[in-house]
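# Just need the structure, nothing else, for what follows:
(one chain, ligands or ions: 2)
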Amino acid sequence: MRYFDTAKIHIKAGDGGRGCVAFRREKHVPRGGPSGGNGGTGGSIWVQVDDSLNSLSSFRHHVHFRAGPGIPGSGSCKHGANGESITISVPPGTIIRSSDPDAPEPVLAEMLKPGQRALLLCGGRGGRGNASFKTMRNTAPQLAEVGEVGGESWLEMELRLVADVGLVGAPNAGKSTLLSTLSAARPKVADYPFTTLTPNLGVCDLDFRSTVIADIPGLLEGAHTGHGLGHEFLRHCQRCRVLVQVVDGSSPDPLGDFDAIRAELELFNPELVNKPLVVAYNKMDLPDSADYWDDVRVALAERGISSEDCFAVSAATGQGNQLLVRRLHALLDSLPREEWDEDDALLDMSSLASSSGTGQGRPMDDFEVLLECKSPRIWRVEGQAIERFAQMTNWNYYESALRFQKVLEASGINAELRNQGVQEQDTVCIGEHTELEWSDDQSEKSLYGVWMDERKAQGRVMQGSARWPHKGS
Ligand SMILES: Nc1nc2c(ncn2[C@@H]2O[C@H](COP(=O)(O)OP(=O)(O)OP(=O)(O)O)[C@@H](O)[C@H]2O)c(=O)[nH]1
Ligand SMILES: [Mg+2]
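Ligands and ions are numbered 1, 2, ... in the order given. Modelled structure (predicted):
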């Protein structure tokens with residue numbers, strides 16, 4: 001049986017729509033000028049806290065989240081509509097991390113407060129239409145951009161319960177029974193260990209106060225090493241403000257159980273033993289347990305647990321429960337109120353959000369050239385800005401291909417290739433889809449000739465197969 005307080009999802013932002021090449025055609029306007037609109041921006045992926053949820057189990061069946069693509073631009077300077085964004089709902093207490101071990105900021109968001117929203121991925125930019133390329137010198141540009149491909153990413157989610165009080169203890173100690181007498185929650189109770197497999201939440205309404213209590217599945221020796229799903233359960237303890245350790249008075253060795261659980265908490269995270277702790281010595285209705293109580297109380301005092309934090313209770317009869325809850329209220333009141341700082345909770349998302357806007361703001365001359373293969377000779381140019389530029393170039397238009405050539409020259413990429421000894425007919429790869437062939441002849445005539453040949457050979461020039469003639473030095 002898998003336990004779902006963690007989930008892995010895949011998100012993909014929408015691709016930008018392509019820009020359009022069009023010209024105005026009107027009866028009395030002889031040279032109408034360019035009128036191709038821009039493509040719409042792709043949809044983004046958001047995440048939002050929904051406090052009606054309390055588990056990540058829905059992500060078992062729904063793993064892939066895709067935002068809608070931007071609509072292409074069209075004539076008469078009509079811009080395409082933006083793609084539909086989507087919002088992923090998560091329960092409060094969800095931590096979101098990037099699955100990429102090299103990510104600069106592994107924790108992307110801590111989703112704590114109901115309604116809190118964060119941007120996970122921006123949609124791809126829409127390609128510009130030819131109207132956007134009109135200049136004084138080029139009044140009839142025949143080029144447009146393809147939309148930027150939307151980023152994608154695998155994310156890991158982890159749910160940490162947001163409860164005031166966490167009930168911890170060995171299996172079968174009576175944690176679920178205690179939750180059911182303290183609150184309206186009706187968790188499964190049975191006379192065997194590991195009845196509870198996912199944490200139960202209950203709201204205790206006593207003395208006109210509402211306290212959220214979590215019943216955490218039984219912990220075993222070795223839990224801190226992950227034994228018996230220990231990690232999953234111990235994580236939940238971290239968000240509880242006060243822990244109640246439930247000790248089974250009818251167990252052969254109640255104190256041994258107590259020490260073993262303390263050790264697991266400490267080994268998992270030393271901060272856990274610094275949390276305020278109350279001991280609930282349970283099953284007092286059984287004679288066995290009642291007989292031991294005085295010894296246990298003394299032994300707990302020796303371990304530094306004051307008598308005002310030790311309670312003899314019976315989850316079955318309700319004995320001692322009220323005193324226990326009053327003590328919990330007092331402890332909670334003495335703790336500083338946890339303030340969720342909006343800015344803190346919304347961690348800087350730029351690291352991930354910008355992975356779709358790759359290259360935006362990055363200089364074109366931030367690149368690297370390497371010889372990937374010696375025979376056949378294949379070069380690779382790596383750089384966020386140039387890769388994005390290649391992806392957004394629409395090779396079907398000669399002017400687009402020409403514009404790409406100019407950027408290769410201006411950015412210093414051509415110079416670096418020549419410097420490293422590029423030869424006629426070598427292959428040069430940029431990004432995933434752009435494969436070019438080096439030529440020393442870069443005259444306009446040659447460029448156009450090659451572009452036309454490609455276009456004829458393929459019916460149309462396909463993206464990623466443009467040839468790349470280059471003028472000799
Ligand atoms: N006599 C008596 N029995 C109790 C008391 N509390 C719990 N029990 C019994 O102890 C058994 C275990 O109770 P649970 O509440 O399921 O224990 P748990 O700690 O949640 O156990 P796991 O979920 O397996 O970790 C059940 O048979 C309960 O009826 C009590 O105060 N008195
Ligand atoms: Mg239980």
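
# got a list of what the residue in the stretch 201-350 of the chain positioned nearest to ligand 2 touches?
Ligand 2 sits closest to residue 215 of the stretch 201-350 of the chain, with a gap of 5.9 Å, by CB to the ion. All C-beta atoms are positioned from the backbone trio N, CA, C, and that covers glycine. Residues near residue 215 by CB atoms under 8 Å, 6 or more residues apart in numbering: 167, 175-176, 178-179, 185, 187, 196, 199-202.

# Give me the distance between the two termini of stretch 133-151.
26 Å (CA to CA, to the nearest Å).

# now do stretch 112-131
Stretch 112-131 end-to-end distance (CA to CA) = 46 Å.

# now it: mean pLDDT?
For stretch 112-131, mean pLDDT is 88.

# for the stretch 101-250 of the chain, what spans make up the strands?
107-111, 117-121, 152-159, 165-169, 200-206, 209-215, 242-248 (DSSP state E, counting those that start in this stretch).

# deepest of those, which one?
Mean neighbour count, computed with mean count of other CB atoms under 10 Å, is highest for strand 165-169 among these, reaching a mean of 27.

# any idea of the angle it forms with strand 242-248?
Counting by axes from the mean of the first three to the mean of the last three CA atoms, to 10 degrees, strand 165-169 lies at 30 degrees to strand 242-248.

# re the thing from before, quick one: the residue of the stretch 201-350 of the chain closest to ligand 2 from residue 170, how far?
According to CB to CB, to the nearest Å, residue 215 and residue 170 sit 13 Å apart.

# For this protein, which residues are neighbours of ligand 1?
By CB under 6 Å from any ligand atom, the residues of the chain that approach ligand 1 are 169, 171-177, 189-191, 193-196, 217-218, 282-283, 285-286, 314-316.

# Throw together a PyMOL command that grabs the buried residues out of the residues you listed.
Buried members of the residues of the chain next to ligand 1, defined by 16 or more other CB atoms under 10 Å, are picked up in PyMOL with:
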select buried, resi 169+171+172+173+174+175+176+177+189+195+196+217+218+282+283+285+314+315+316
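
# which residue sits closest to residue 63 in space, ignoring its chain neighbours?
Leaving aside its chain neighbours, residue 63 sits nearest to residue 9 (5.5 Å; criterion: CB to CB, 6 or more residues apart in numbering).

# Pairing partners for that neighbour in the sheet, please.
Under DSSP bridges, the beta-bridge partners of residue 9 are residue 155.

# Any idea how many residues pack against it?
By other CB atoms under 10 Å, 22 other residues sit near residue 9.

# Then residue 313?
Applying other CB under 10 Å, we find 28 residues neighbouring residue 313.

# interface residues of the chain facing ligand 2?
Counting by CB under 5 Å from the ion, the positions of the chain adjacent to ligand 2 are 176, 195-196.

# swap the cut-off to 6 Å and go again
Residues of the chain that fall close to ligand 2, judged by CB under 6 Å from the ion: 175-176, 195-196, 215.

# where do the helices sit along the protein?
For the chain, the helices defined by DSSP state H cover 175-182, 230-239, 254-268, 287-302, 321-334, 342-345, 350-353, 384-392, 398-410, 413-419, 444-458.

# Tell me which of the ones you listed sits most buried.
Of all the helices of the chain, helix 175-182 has the most neighbours on average by mean count of other CB under 10 Å, namely a mean of 25.

# Only the buried residues of stretch 56-67, if you could.
Buried-residue list, stretch 56-67, by 16+ other CB under 10 Å: 56-57, 59, 65-67.
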